[in-house]
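> Got a predicted model here, sequence first, then my questions.
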Amino acid sequence: MAGTTTAMCTSFKAELLYGYHSFIAPTNFTGTRAVDTFNLALVKVSPTGTYDATTTSYSQLTTNSDEASGTNYTAAGKTFSSGAVVATIATAANTATWGYAYLDVPDITWTAATISATGGLIYNTTQLVSSAGTGRAVAVLDFGGTKTSTAGDFTIQFPANTSTTAIIRFSGA
Amino acid sequence: MSSSGSELGQFKVHTTSHRGFTPEELAEQALDRIVYVADNAHPLVAEQARAFRENIRQVLVFYLRKAQNSERTTIQGELVRQDAADFAKLIRSI
């Protein structure tokens, strides 16, 4: 069914094993691995495509002409400030969160913008899906309805950076 | 405690029309990041955390309002420097 469903993309989970996504510069890494750039693009009202765990790339948004548009919204969305992205891997010293790895990203705001959107797509703009040539999907956000700003601010606020609330979390518990 | 596997956290969407966010609205957004009270927290711990959250709220609103006014002072100064005193007066009236 067309529309958005909040989900971590299945392709993203598999791509982590291949090393496609780098949110934080690794230390003691053999070879070089720079930090990737990640964007958040908005999904327009009444999209024709389906965006959920099966979404694999940003191209699905553009192929269906489902990206939002408006004053002070630029196609491809906004880039997460890399310096504010924090990855935490819980160590044995902190037994309360042992087995967790989680990621925090900064809030994103379009200022003085006139936009209507029903969801968002977080994707990697550095690592491209070869056949489509556009960024690899990370997660889909469903806004639960139409959200509109009119010559105002449009903000996606991400949760507190803890092992139980961070926006992206993996646990082995 | 989360079940094993992968999870996506809860996010919020905030929008405004014909204005920016007020210091109170921004303080609320900041507080969600600064002080998180778990549903399963001990009642005494939760109570203390909530009290701390409210104390921080007052501080945040105060300084966000100061930042707002300070930014406008900077803008007014630049407008006057650029011989746009009328626009500076408009900013002052907001």
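Noted; the coordinates are in hand.

> Can you check which strand is longest in chain A?
Ranked by residue count under DSSP state E, the longest strand found in chain A is strand A:134-157.

> The helix or strand that it is followed by and chain B, are they touching?
Next helix or strand after strand A:134-157 toward the C-terminus (DSSP states H and E): strand A:168-171. Yes: against chain B, strand A:168-171 shows contacts by CB under 8 Å from any CB of the partner chain at A:Ile168, A:Arg169, A:Phe170, A:Ser171. In this view, the C-beta of every residue, glycine as well, is placed from N, C-alpha and C.

> can I get the CA coordinates of strand A:168-171 in PDB?
The C-alpha coordinates for strand A:168-171 follow below in PDB (Å, rounded to 0.1, in the frame of the first residue of the first chain):
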ATOM      1  CA  ILE A 168      19.000   3.700  15.700                       C
ATOM      2  CA  ARG A 169      19.700   0.900  18.200                       C
ATOM      3  CA  PHE A 170      21.100  -2.600  18.000                       C
ATOM      4  CA  SER A 171      21.100  -5.000  21.000                       C
END
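
> Quick check: neighbours of it in the sheet, parallel or antiparallel?
strand A:100-104 (antiparallel), strand B:5-8 (antiparallel) (DSSP bridges).

> Could you look up the next helix or strand downstream of the longest one?
Following strand A:100-104 in sequence order, the next helix or strand is strand A:108-129 (DSSP H and E).

> tilt between that following strand and strand A:134-157?
Put simply, strand A:108-129 runs at 160 degrees to strand A:134-157, going by axes from the mean of the first three to the mean of the last three CA atoms, to 10 degrees.

> Now strand A:108-129: buried residues?
A:108-110, A:113-125, A:127-129 (16 or more other CB atoms under 10 Å in any protein chain shown).

> sorry, back to before: report all helices and strands that the longest strand of chain A contacts.
Packing partners of strand A:134-157 (3 or more CB pairs under 8 Å, 6 or more residues apart in numbering or on different chains; DSSP states H and E): strand A:3-4, strand A:7-8, helix A:10-18, strand A:38-43, helix A:59-63, strand A:108-129, strand B:12-15, helix B:23-34.

> and with 7 Å instead?
strand A:7-8, helix A:10-18, strand A:38-43, strand A:108-129, strand B:12-15 (3 or more CB pairs under 7 Å, 6 or more residues apart in numbering or on different chains; DSSP states H and E).

> looking at the ones you listed, which is closest to B:Thr73?
Nearest to B:Thr73 among the helices and strands packed on strand A:134-157 is strand A:108-129 (19.9 Å), distances taken as CB to CB.

> Quickly run through the sheet partners of the closest one, with directions.
The pairing partners recorded for strand A:108-129 under DSSP bridges are strand A:38-43 (antiparallel), strand A:70-71 (antiparallel), strand A:134-157 (antiparallel).

> which of those sits most buried?
Across the strands paired with strand A:108-129, averaging neighbours per residue (mean count of other CB atoms under 10 Å in any protein chain shown) puts strand A:38-43 on top, at a mean of 24.

> show me what contacts A:Ala68?
Going by CB atoms under 7 Å, 6 or more residues apart in numbering or on different chains, A:Ala68 touches A:Leu42, A:Val43, A:Lys44, A:Ile115, A:Ser116, A:Ala117.

> And for A:Tyr58?
With CB under 7 Å, 6+ apart, A:Tyr58 has these contacts: A:Ala41, A:Leu121, A:Tyr123, A:Thr134, A:Gly135, A:Ala137.

> Quick check: closest non-adjacent residue to the second one.
Beyond its immediate neighbours in the sequence, the residue positioned closest to A:Leu121 (CB to CB, 6 or more residues apart in numbering or on different chains) is A:Ala41, lying 5.0 Å away.

> re the thing from before, mind putting the residues of strand A:168-171 next to chain B into CSV with pLDDT and neighbour count?
Formatted as CSV, these follow (pLDDT from 0 to 100; neighbours: other CB atoms under 10 Å in any protein chain shown):
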residue, pLDDT, neighbour count
A:Ile168, 93, 21
A:Arg169, 91, 22
A:Phe170, 89, 20
A:Ser171, 83, 20
